[in-house]
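A.B. asks: Just need the structure, nothing else, for what follows:
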Amino acid sequence: MGVDIEVNGPVGIVRIDRPQVRNAVDRPTAEALREAIEEMDADRELAALVLTGSGGTFCAGADLHALDDAARRNQLEEALIGPMGPTRGRTRLPTIAAIEGHAVAGGLELALWCDLRVVAADAVLGVFCRRVGVPLIDGGTVRLPRLVGLGVALDLVLTGRDVAAEEAQRIGLATRVVPSGQAEGAAVALGTELARWPRETMLSDLAATRAAFDRPLDEALLHEHRLGVASLEAGGATDGVGAFLAGRGRHGRTDDL
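C.D. replies: Reported below is the predicted structural model:
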C-alpha cells in the first residue's frame, strides 16, 4: 500500500513509497503508514524510528487526486486517527524524519509529528496547502508554533512560502542539515547514536518532555517525576551508573561507556 519497512541495526525505517505522486498520501497509504509505525514501535529490539520517503522526496502531502474517490480520500471524520495516518498518535520510541526534496503541506505535518528532523541541504519545507485552500488538519497549527514560536509559525502558516533548509535550521524546524542525498543515512546514524544510551530512562525522558507542553507546570513536573522514578525502579540506570562508579564516563568522556 505504498509503504516499505526496513530494520537497520537498532533503527526501524518506515518509508513512504509512492514516488510517482511525490509520496503523496491517500487513505490506504495513511492506514499502511500508521500500521507500519505501530508495528515498528512495538519491537523491543529497536531504539528509534526513521520516517522518510523514496525517490528523493519526503512527502508532498495528501493526495489531492483522491479527493473524489470515497475509497481513497483521506479520512475527514473526527477521529483519533489522522488523515495522514499516525499524526494523532504517539510512539514509545523517538521518531526522526529524514527529509529529502519536499516536505510540504501534510508532508510537513508528518515531519512535525516526528521528534527530530534531519534535512537535506537542498530540501524545501512549507505549508504549501495554503496555496490551494486546503487546511492543516494533521497537527500543523498545533505543533509548528510549539517548535518555532507563534510569530514564525504564523508567517509560515499564513503565507505558505518556501522554507529552505538553512532557514529551517535557524528557526528550529530542522534539527540537523546534511548534504543532499544523505538525510536517511544521517537519520539512521542519529538513531543508532541514541541506542548507545540506557534505553528505559531515555524513553522515560522522551515521554516526559513530550507531555510537558500539554500540562500545567506543576502537573508536568510531577508527571516527569513519576516517569523518572518508574524508569529507575525498572533498572534503567543500573548499567550506566555501574559503569560510572567503575571509573568510566568521567570528565565528559563517552567512548568508554
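A.B. asks: What is the burial count for the closest residue to Asp43 other than its chain neighbours?
C.D. replies: Spatially, and ignoring its direct neighbours in sequence, Asp43 is nearest to Gly12 (6.4 Å; CB to CB, 6 or more residues apart in numbering). All C-beta spots, glycine's among them, are computed from the backbone N, C-alpha and C. Counted with other CB atoms under 10 Å, residues neighbouring Gly12 total 26.
A.B. asks: Equivalent analysis for Val104, please.
C.D. replies: 27.
A.B. asks: do the same with Val14
C.D. replies: Close neighbours of Val14, defined as other CB under 10 Å, add up to 26.
A.B. asks: Can you name the residues that contact it?
C.D. replies: Val3, Asp4, Ile5, Leu33, Ala36, Ile37, Met40, Leu49, Val50, Leu51, Thr52 (CB atoms under 8 Å, 6 or more residues apart in numbering).
A.B. asks: For this protein, give me the ranges with low pLDDT.
C.D. replies: Residues of the chain meeting the criterion pLDDT under 70: 1, 220, 224, 232, 237, 241, 244-245, 249-252, 254.
A.B. asks: For it, which segments count as strands?
C.D. replies: Along the chain, counting by DSSP state E, strands occupy 3-8, 11-16, 48-53, 95-99, 102-104, 116-120, 124-126, 163-164, 176-178.
A.B. asks: Now restrict the contacts of Val14 to buried residues only.
C.D. replies: Buried subset of the contacts of Val14 (neighbour count, 16 or more other CB atoms under 10 Å): Val3, Leu33, Ala36, Ile37, Met40, Leu49, Val50, Leu51, Thr52.
A.B. asks: Cool, thanks, talk later.
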